[in-house]
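1. return a 3D structure for these sequence lines:
(3 chains)
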Amino acid sequence: MRIVNLKVNGVGQAFLARPETTLLLALREQLGLTGAKRGCAQGACGSCTVLLDGEPVVSCLVPAATVDGADIATVEGLADGEKLSDVQQAFLDGFATQCGFCTPGMIMSAEALLDRNPNPTRDEVNEAISGNVCRCTGYEPIVSAILDAAERRREGAKL
Amino acid sequence: MTLLRGRGYASVNYPTGMNLGGDPSQALIHATTMGGFVVSLSSVDLGQGLKTVVAQCAAETLGMPMENVIIDTADTDTGPHCMGTFASRGTHRVGNAVIMAAREAREVMLDVAAEELEVDAGDLETDGTGYVRLKGSPETKIHISEVALAAHFKQGKSISGRGIYLKERNYPVPETGEMDPDSCQAHACTVAEVEVDDETGVVTVLSLHNTYEIGRALNPGMVAQQIEGGAWMGVSHAIFESTEPYYPASRDHGPVDFSEYLMPGPAEIPVQTSVILERPASNGPFGAKGIGEMTANAPIPAIANAIFDACGVRLTTMPFTPESVLRGIDARRDDALSA
Amino acid sequence: MPRVNPIDTEYFKDERKPDFTVIGTTVQRSDALGHVTGRTEFFEDRTFPGLAHVKIHRSAHHHAKIDDVDCSEALAVPGVLRVITYRDVPSNWYVVLRLIGIEPNDEPVLAEDRVLYKGEPIVAVVADSEAAALEGVRRVKVSYTELPAVFDVEEALAPDAPIIKQAGTNYFVYEGHHARRLRFGDVERGFAEADYIFEWRYSSAPIEHAPTETTGCIVVPQSGGRLLIHSNTQAAFFTLDNTALILDRPFTDLQVKGGTVGGGFGGKVDVMVEPLACIAAMLTHRPVKFVYTREEEMQVSSPRAAERIYIKDGVMNDGRIVARKVMLYVDAGAYSRHSPYGTTKACAHLPGPYTIPNVYADCHCVYTNRTPSSAMRGFGVTIADFALESQMDRIARALDMDPLQFRLRNAYRDGDMKAHRKVASGTALIEVIQRAAALVGHDLPEEYRAMSSKGGAA
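-> Okay, the predicted model is just below:
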């Protein structure tokens, strides 16, 4: 058992981590951030994707004790008040959600992609979300929404 | 290595609802003090958008804006009975129940408005913006918030309604199978185009072109979601999925996670075009038939038929794995050699 | 912007009503904002102090007699609160479809003296943490005597097959019959009159629903003694009623809350987790979570049934199908669940969307020693459509006919009598074929373009 200090969505947090506690469970059960979902706990569905120091990780495979001092970004931190992030708004406008369970993880993978590559090709989008399983949408609306979000971001950057 | 292309067709129908035990759903609706309408249900939204589509049914029937409709589901203490979300029944059954409840509530709403405006309720209409108006005299109007307040605090009336849709029980005749199982049938025709790699046996689905007849598209954006997502599932069923790769000979080697249970990723999705036809069902809510389930069906045989068209291999066992394609190609070569 | 498919209003013009206000428009999904912000509340997003966890010790064999169950080591694991065996289940035998009169109760919530499939639940372990529950599960010791297992639907029906079901048959009995029957016209006379006979076999393997959210629930004991069940069931009252029957408690003792589900596809109608979670909550007086692992979802939760389908058709030179005989076998696995109903649904779907004067079908709901199958998107129809439409393609090729013209020639129309003796109405198969042909530039002769679904027997 150790105390973990970290930043989540820009806010300093601390929690007690047992050796078996994963980052996902710490976020959900100790910090009350349930946006990241447990879809498999095997690192194979991507529903629990969050950003760890800017990199997308499957938080179900990250031991909580290893993230001391880290900067974590989750879906809860994306919107600025009522104003959604470009990725969130593009998912909303593009009907890129059905059941919504994969959505937070999918959005975090997309945010990470656009942070490092503002102008991705369709193939690069496909690759960026290749670890995120969606069983409802057939992916096409999601890929389109991410490409749309990239354009929105570029337009926003020009302003 | 040669990439062989082929085209395949399939046409299907699909029942809305499947009745064996009597198939009901209920809805209750009531106005809040300021003219919100709470629709109480115990129905489940699996992600197909039931909450949205039944809110549309309520708004359309009440003649009120969507913003005034609140869907409260699924709590068995507060929501009346619903059989469940399956058999492409949700929109049809719950939609009909909500329409019936909303009609009853609308009648009270118009009565209350009539008394406030001192006119006959039969002369009133709604315009979808939140006002109840006198027909032909659009300035004689009252906002729903005033109607609801008057009902609560002045007239002592409950603006509320009860709705149920029941497909009555039907017993199949054991000797002949005579039965009345469904409420209506939706239709689809899919044209699939595939590419078969004759060296690896890998099938790539290039495109799916669909026409669907679904009675009435209540929310075309959500209809498109069902068609697109269902088609993806059909492709996945056709060429990837099984929990028992050696069925029925061996129960071993069953996949236990998403790295073993294969499904197409975003890079493996076909181009899709679809057209909708509407032949309203007499018993459907605003004519709608169920489309939720059927969208995975026609792509599978269309792909099988396209594979045959491409390489002459008739696959009769799902899924159409590279191994089964290659075995088929080998068998054809052997036949050609021995002939 | 959302992708919206064009609606071709030229078809059925006279039957379409004028436009509505919000019906027929692409209204934003009411749940989408919650989805993109992560605020949508799924059942597992609720936390409760003192939450206990249920995990299951499952059968290691496909078919075996249980000689002994030893839970003493499991109980000794720190954090383990209780073990639950069939003796703790008030009404252990059930079939979910009993709510619509299906008999018999053929499945135990927890196995008693034998197991019928690998992965069948035998003991539930309740513990403070998931890790302790899993350790408890590992320490349960079950000794078995293996029995011969049956894995093939047709072998299961053979006279010398070991009978695996208590009811005495390896098939569901439909009112005295070994299959759901469909008898329409005289199929043998149809074959005798036909110019050609085509007979082929089709089959499929089981398929998993694979919802991204696995099946689960949290049960919270209430101050008045009632149990509140937060569930991702597809059918709230169906779950409530079945759970109350298993618990042998008044229906008013239970409350189910749900309605927001991370994908269902038919996989969450089986009432698999709620009864045991309720029992665990009653025995420990604590809130209890029982959620399937992904591995359980893949291998233990009901899949879409594997099917085997033989279709024999009698066809005339001009392409009319005059007789169709179908032998359909649904692999229900070890227990009924929803398969008797799905098999009837398959039967009602035959012979496909075509008008055929002579139809004969036996649709068998067969038990084997594998994970019970149950409902899935397109229940009873998806695999049948694969078989039927593959058959149509093969016949068209054998007759050297255009595949769409062959379908149009046999398409059902308003007023036609279906094989299950319901008069067809509201049909539109002809029109979707015509429109799909136009969509891909597949030329149809005028004779076929002029056809209409309204021109049936009536």
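2. which residues does the residue in the stretch 201-339 of chain B positioned nearest to chain A contact?
-> Residue nearest to chain A within the stretch 201-339 of chain B (Cβ to the nearest Cβ): residue B:232, separated by 3.0 Å. For the C-beta atoms, the positions are set from N, CA and C on the backbone; glycine is no exception. Neighbour list for residue B:232: A:137-140, B:264, B:269 [criterion: Cβ atoms under 8 Å, 6 or more residues apart in numbering or on different chains].
3. doesn't it fall inside a helix?
-> Yes. Under DSSP: H, G, I helix; E, B strand; the rest coil, residue B:232 falls within a helix.
4. picking up where we left off before, out of the contacts of residue B:232, which is most surrounded?
-> residue A:138 (28 neighbours; other Cβ atoms under 10 Å in any protein chain shown).
5. what's the closest non-adjacent residue to that one?
-> residue B:232 (3.0 Å; Cβ to Cβ, 6 or more residues apart in numbering or on different chains).
6. okay, the one you found: pLDDT?
-> pLDDT, residue B:232: 98.
7. so how far is residue C:199 from it?
-> 33 Å (Cβ to Cβ, to the nearest Å).
8. ok, the residue in chain A positioned nearest to chain C - contacts?
-> Closest to chain C within chain A is residue A:35: 2.5 Å, counting by Cβ to the nearest Cβ. Listed by Cβ under 8 Å, 6+ apart, the contact set of residue A:35 reads A:74-76, A:104, C:37-39.
9. okay, the residues you listed in TSV with neighbour count next?
-> Shown next, in TSV, are the contacts of residue A:35 (neighbours: other Cβ atoms under 10 Å in any protein chain shown):
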residue	neighbour count
A:74	23
A:75	30
A:76	20
A:104	30
C:37	21
C:38	25
C:39	16
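10. which residue is the nearest non-sequential neighbour of the residue nearest the centre of chain B?
-> In chain B, the centroid-proximal residue (Cα atoms, centre = their mean) is residue B:292; its distance is 3.0 Å. Using Cβ to Cβ, 6+ apart and skipping the chain neighbours, the partner closest in space to residue B:292 is residue B:88 (4.8 Å).
11. what helix or strand does the one you found sit in?
-> Using DSSP states H and E, residue B:88 sits in no helix or strand.
12. middle-most residue in chain A, spatially?
-> Centre-nearest of chain A using Cα atoms, centre = their mean is residue A:108, 2.4 Å out.
13. repeat for chain C
-> Note: chain C centre (Cα atoms, centre = their mean) maps to residue C:375, 1.0 Å.
14. pLDDT at that one, what is it?
-> For residue C:375, the model assigns a pLDDT of 96.
15. which residues are in contact with residue B:9?
-> B:189-192, B:302, B:305, C:389, C:393, C:403-404, C:407, C:436.
16. how many residues are close by residue 145?
-> I went with chain A, as the question did not name one. Counted with other Cβ under 10 Å, residue A:145 comes out at 30.
17. wrong chain, I was asking about chain C
-> Neighbours of residue C:145 (other Cβ under 10 Å): 10.
18. how much space separates it from chain B?
-> Relative to chain B, residue C:145 is positioned 19 Å away (Cβ to the nearest Cβ, to the nearest Å).
19. and residue B:165, what is it in contact with?
-> B:24-25, B:92-94, B:96-97, B:100 are the contacts of residue B:165 under Cβ under 8 Å, 6+ apart.
20. can we see that at 6 Å?
-> Listed by Cβ atoms under 6 Å, 6 or more residues apart in numbering or on different chains, the contact partners of residue B:165 are B:25, B:93, B:96-97.
21. how about residue C:314?
-> C:190-191, C:194, C:197, C:322-323.
22. ok, for it, nearest residue in space, not its chain neighbours?
-> residue C:194 (3.0 Å).
23. and that neighbour, how close does it get to chain A?
-> 41 Å.
24. burial check on that residue, number of neighbours?
-> 19.
25. same question for residue B:19.
-> Residue B:19, neighbours per other Cβ under 10 Å, totals 24.
26. wait, isn't it in contact with residue B:167?
-> Yes. The criterion here is Cβ atoms under 6 Å, and residue B:19 meets it with residue B:167 at 4.5 Å.
27. residue ranges of the strands in chain B, please?
-> B:3-16, B:23-31, B:37-40, B:69-72, B:124-126, B:131-134, B:137-143, B:160-167, B:184-197, B:203-213, B:271-277, B:317-318 (DSSP state E).
28. what helix or strand is residue C:330 on?
-> Applying DSSP H and E, one finds residue C:330 within strand C:321-333.
29. any part of the helix or strand that that strand is followed by near chain B?
-> Downstream of strand C:321-333, the first helix or strand assigned by DSSP H and E is helix C:339-349. Yes. On the criterion Cβ under 6 Å from any Cβ of the partner chain, helix C:339-349 is in touch with chain B at C:341, C:345, C:347-348.
30. now do the buried residues in the helix or strand that helix C:339-349 is followed by.
-> Next helix or strand after helix C:339-349 toward the C-terminus (DSSP H and E): strand C:359-367. Of the residues in strand C:359-367, those with enough neighbours to count as buried (16 or more other Cβ atoms under 10 Å in any protein chain shown) are C:359-367.
31. and which of the residues you listed is nearest to chain B?
-> residue C:361 (7.3 Å).
32. residues contacting that closest one?
-> C:182, C:326, C:350.
33. which one of those residues is nearest residue B:37?
-> residue C:350 (43.6 Å; Cβ to Cβ).
34. can you tell me how far the closest one is from chain B?
-> Residue C:350 is 9 Å from chain B, by Cβ to the nearest Cβ.
35. count of residues packed around that residue?
-> That count, for residue C:350 with other Cβ under 10 Å as the rule, works out to 29.
36. how far away is the residue lying closest to residue B:247 once chain neighbours are set aside from residue C:392?
-> Using Cβ to Cβ, 6+ apart and skipping residues adjacent in sequence, the residue nearest residue B:247 is residue C:205, 3.8 Å away. For residue C:205, the distance to residue C:392 equals 23 Å [Cβ to Cβ].
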